[in-house]
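# Model the structure of this input:
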Amino acid sequence: MCAGVSIIVVNYNGIKYLDPCFNSIAELDTNSFEFVEIIMVDNLSDDGSVDFVKDKYPYIRIIQNNVNSYAKALNWGISESKGDYIAILNNDMTVEKNWLKGLVDVIKKDRLIGAVQSKILFSDGKTINSVGVEEVEDFYFRDIGFGKPDAFEAYEEEEREYITGGSVLLRRECLQSVGPFDEDFIMYMEDMDYSIRCRDKGWKIFFTPKSICYHKYHGTASSDLCDYFCSRNRFLLIGKHFPQRLSQSVKTSHFYLRNEFVSLYRSLLQAVKKLVEYNDTETSKEVLDSLKDVLIEVFGNQKAYNFFNQLEVALDLRKIKVGIYDHAFHFAGGGQKYAAKIAEILKDRYDITYIANKDISLDCYKEWFDIDISQCNLKVIKIPFFESRRRFFIDEGMVINEETNPFNIISKESINYDIFINANMLGKVEPLSSLSIFICHFPDRDKERFFSVDKYDYLITNSNYGTFWLKEKWGLETTLRLYPPVDMFNNSSQLNNKDKLILSVARFEYGGSKKQAEMVQAFGNLCQRDKKIKDDWKLILAGGSSEGNPYFDRVRQVVNTFHDADIELMTNLTNKELKDLYCKAAIFWHACGLGETNPHLVEHFGMTTVEAMQNYCVPIVIDGGGQREIVEHGISGFRFRTLDELMSYTAKIINNPKLREDLARNSHERSFLFTSDIFRDIVSQFFDDIEKELRGGEAL
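The predicted structure follows:
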């Protein structure tokens, strides 16, 4: 009796094909085998395939893969199999009764036969799908006999150069000699690679017409997917086995002929990795030298430069270089904290350089935000256009009719990095790095001359509000909505240990968009209406401000008109000082957007609102912008539209301590949706994916 056989079927969302496939296997003639086991390796199906097979075919062993990779699934199935022979069958196939016996009869004839392919017919039973594989043009392959009428006598049992893995029997000794399938191929042409490796090891590969199966063509994989991976894997095959042909294969690639340059670029990067992995140093140098001119011709100087930079990363020759440009790096704000938190998360992983336009120390961020980015580098690049005008703020709105873009100096710097992050919405910086990220808290300007946001690879928004307006104003889709990281928890904050204090935290912006003057007016009016509030309660407005700020002076003047009200302005506080204020405050106000019709002037998210909620402050905030994503009206706080509503909700909370406690408790619980831990997890996963792309990988 012949030794045992393992049949491996890889499945991905192929539930409609599994019944006919496994029913046909159940009808096989297996009398001459010691045992036949069936293994299904499932590639993350979400169509119920696994439960279906468990229920209907309990004797089939199921392995659940952790990625959708055909090659990895094959290797896993083979490693778990017990047979001396391993049969691989596509899930959209059905087999004749003698399918397995026909394969085994051939492989037993010669100990040097390592693999045998079946005759594969289309599901009509009359037309040939494959009786082997042949090269047709410059490392593109096709099935022998494809589309021809079936005639049993037309194709004899004979040795082949290449065979398809759709229905093939492998000898275990061959598998042990040749090694596992190359998982970099993922799917398609992994069988061409295996055919070459078999022959290189001295194994013969055969076709037999005595083993017949029927194929539902492109049943579980689309023709587009097939086209992509065949073109992509062609480069891997050449880089691995025929490196001297790599340069001349570029312009014969289907990617090149179809102007699919993104896919061409990525595939070439993967091919060069293969080249270096499987060939000696001298060969690799020769091929890279010949490839240089082709890359310049096809992609241009900049992308060719990016390619070789990216190759250094793909080959693990150095750490990834990240440049973070923040034109407002020199003063404290929510956007600066957002980007700095990303830098803090990534600082051990990458070589990070902050690019600023004004002289400043990285140590400021520890003082301002309690964020340590001292491990990063700092490069100050002053922009002559703004320096000559003695501008403290870098305002891209001033760049209107200039012949050249003043921000080109930053663009030229960006090419020095693998990943360039534009951290604070300056839309006139064109990225020249291998990969680029634009962080958009809000698309606050119209598309103007030198607009370059559409040239970035990834767009990050910090709220659903910003995501909507990114599409509405610029016609761009966000890549990732990433709520800001907020960790202002103070262990001293207690629900029932609050001062009679109303707190607002926001920058004293020159334009007055944070509405501090209006809040002073509201509190003053409350004090005039209610003597108890005047006697017992205090309003503190805290926020960053620069010397000579005219709006801050205006707010101070409004404060002076309410001399009986207890109102204090506090500027440029440290992180510890802010925490102490949150700990004491019972109520939090935020009014950015009050009376505004311009969506840019409404609070885009509201990090300070979350900071307050984390310390049991009841938020009473504007009913607009990102505040609607934070505060559930009447549950975790209140949202107002007018100053009268602000005063009414405030009085309601002051006069109802039980309501204040309930809202404070709910707001504290809701604040955990916006913590640094969640932010860190999302950022880490996002950069895992970016790094995979940077290294030439595929998303599985």
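# Walk me through the domains of this structure.
Here the domain assignment for the chain is 5-220, 224-312, 321-481, 501-674, based on automatic domain parsing.
# just so I know, which of these lies nearest Arg695?
Smallest distance to Arg695 across the domains of the chain (C-beta to C-beta): 8.0 Å, for domain 224-312. Placement of C-beta: from N, CA and C, glycine included.
# re the thing from before, closest one to Phe686 among the domains of the chain?
For Phe686, the closest of those is domain 321-481, at 5.8 Å, according to C-beta to C-beta.
# doesn't Thr461 make contact with Cys440?
Yes: in this structure, Cys440 sits in contact with Thr461. The criterion is C-beta atoms under 8 Å, and the distance is 5.4 Å.
# Tell me which of those two has more neighbours.
Using other C-beta atoms under 10 Å, the more surrounded residue of Cys440 and Thr461 is Thr461, with 29 against 24.
# Give me the local confidence score for that one.
Thr461 carries a pLDDT value of 97.
# May I have the residues that are in contact with Tyr551?
Taking C-beta atoms under 8 Å, 6 or more residues apart in numbering as the criterion, Tyr551 is in contact with Phe508, Glu509, Tyr510, Gly511, Gly512, Gln516, Ala517.
# Quick check: the gap between the first one and Ala314.
Counting by C-beta to C-beta, to the nearest Å, the separation of Phe508 from Ala314 is 48 Å.
# ok, the two, which is more surrounded?
Neighbour comparison, Phe508 and Ala314: the larger count goes to Phe508, with 25 against 18 (by other C-beta under 10 Å).
# returning to what we had before: looking at the domains of the chain, spot the one closest to Asp689.
Each of these was scored for nearness to Asp689 using C-beta to C-beta, and the closest is domain 321-481 (9.5 Å).
# centre of the chain versus the closest one, how much separation?
19 Å (C-alpha atoms, centre = their mean, to the nearest Å).
# contacting residues for the closest residue to Asp182 other than its chain neighbours?
Leaving out its chain neighbours, the residue that sits closest to Asp182 by C-beta to C-beta, 6 or more residues apart in numbering is Asp193, at 5.3 Å. With C-beta under 8 Å, 6+ apart as the criterion, the residues that contact Asp193 are Phe181, Asp182, Phe185, Asn233, Leu236, Leu237, Lys240, His241.
# Report pLDDT for Asp193.
97.
# Could you pull out the buried residues of the helix or strand hosting it?
Asp193 is part of helix 190-200, with elements assigned from DSSP states H and E. Counting neighbours by 16 or more other C-beta atoms under 10 Å, one finds that the buried residues in helix 190-200 are Glu190, Asp191, Met192, Asp193, Tyr194, Ser195, Ile196, Arg197, Cys198, Arg199.
# okay, it in CSV with CA atoms only?
Output of helix 190-200 as CSV, limited to C-alpha atoms (Å, rounded to 0.1, in the frame of the first residue of the first chain):
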residue,chain,number,x,y,z
GLU,A,190,5.2,31.4,-6.3
ASP,A,191,4.9,28.2,-8.4
MET,A,192,7.2,29.6,-11.1
ASP,A,193,9.8,30.3,-8.4
TYR,A,194,9.3,26.9,-7.0
SER,A,195,9.6,25.2,-10.4
ILE,A,196,13.0,27.0,-10.9
ARG,A,197,14.2,26.0,-7.5
CYS,A,198,13.1,22.4,-8.0
ARG,A,199,15.1,22.1,-11.2
ASP,A,200,18.1,23.9,-9.7
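# hmm, back to that, relative to Gln248, how far out is the residue nearest to Asp182?
From Asp193 to Gln248 the distance is 20 Å (C-beta to C-beta).
# what do you get for Ser684?
With distances defined as C-beta to C-beta, the gap from Ser684 to Gln248 amounts to 41 Å.
# quick check, Leu103 in a helix?
Yes: note on Leu103: a helix contains this position according to DSSP: H, G, I helix; E, B strand; the rest coil.
# Hmm, it is touching Val116, no?
Yes: taking contact to mean C-beta under 8 Å, the distance of 5.0 Å between Leu103 and Val116 places them in contact.
# Overlap in contacts, the two.
Counting by C-beta under 8 Å, 6+ apart, the residues touching both Leu103 and Val116 are Val168, Leu169, Thr208, Ser211.
# Relative to the strand or helix carrying the first one, what are the paired strands and their orientations?
When you say that, I think you mean Val168. Secondary structure assigned from DSSP H and E places Val168 in strand 167-171. Paired neighbours of strand 167-171 in the sheet (DSSP bridges): strand 85-90 (antiparallel), strand 113-122 (antiparallel).
# Give the residue spans of the stretch 201-350 of the chain that score low on pLDDT.
Screening the stretch 201-350 of the chain residue by residue with the criterion pLDDT under 70, one finds the ranges 219-221.
# now do the chain
Looking at the chain by pLDDT under 70, you get 1, 152-154, 219-221, 699-700.
# residues touching Asp182, list them.
Each residue near Asp182 by C-beta under 8 Å, 6+ apart is listed here: Ala71, Glu190, Asp193, Tyr194, Leu236, Lys240.
# mind redoing it with 7 Å?
Each residue near Asp182 by C-beta atoms under 7 Å, 6 or more residues apart in numbering is listed here: Ala71, Glu190, Asp193.
# which one of the residues you listed is nearest Asn525?
Within these, proximity to Asn525 (C-beta to C-beta) peaks at Ala71, which comes in at 71.2 Å.
# from what I can see that closest one touches Phe185, true?
Yes: here Ala71 lies in contact with Phe185, judged by C-beta atoms under 7 Å, at a distance of 5.3 Å.
# Can you give me the separation between the residue lying farthest from the centre of the chain and Trp537?
The centre of the chain is farthest from one residue, Lys531, which by C-alpha atoms, centre = their mean lies 55.7 Å away. When distance is defined by C-beta to C-beta, Lys531 is 11 Å away from Trp537.
# what distance separates the lengthiest strand in the chain from the middle of the whole chain?
With residue count as the measure and DSSP state E as the assignment, the chain has strand 204-215 as its longest strand. A distance of 42 Å separates the centroid of the chain from that of strand 204-215, by C-alpha atoms, centre = their mean.
# now do stretch 59-73
Taking C-alpha atoms, centre = their mean, one finds the center of stretch 59-73 at 24 Å from the center of the full chain.
# Restrict stretch 28-44 to CA atoms and write it as PDB.
Taking only C-alpha atoms (Å, rounded to 0.1, in the frame of the first residue of the first chain), the coordinates of stretch 28-44 have been written out as PDB:
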ATOM      1  CA  LEU A  28     -11.800  10.000  -4.600                       C
ATOM      2  CA  ASP A  29     -10.400   6.500  -5.100                       C
ATOM      3  CA  THR A  30      -8.200   6.200  -2.000                       C
ATOM      4  CA  ASN A  31      -8.000   2.500  -1.600                       C
ATOM      5  CA  SER A  32      -4.400   2.300  -2.500                       C
ATOM      6  CA  PHE A  33      -3.200   4.900   0.100                       C
ATOM      7  CA  GLU A  34      -2.300   4.300   3.700                       C
ATOM      8  CA  PHE A  35      -4.300   7.400   4.600                       C
ATOM      9  CA  VAL A  36      -5.600  10.600   3.000                       C
ATOM     10  CA  GLU A  37      -5.900  13.700   5.200                       C
ATOM     11  CA  ILE A  38      -7.500  17.000   4.100                       C
ATOM     12  CA  ILE A  39      -6.300  20.300   5.500                       C
ATOM     13  CA  MET A  40      -8.000  23.600   4.800                       C
ATOM     14  CA  VAL A  41      -5.900  26.700   5.500                       C
ATOM     15  CA  ASP A  42      -8.200  29.700   5.800                       C
ATOM     16  CA  ASN A  43      -6.900  33.200   5.100                       C
ATOM     17  CA  LEU A  44      -9.000  35.400   7.300                       C
END
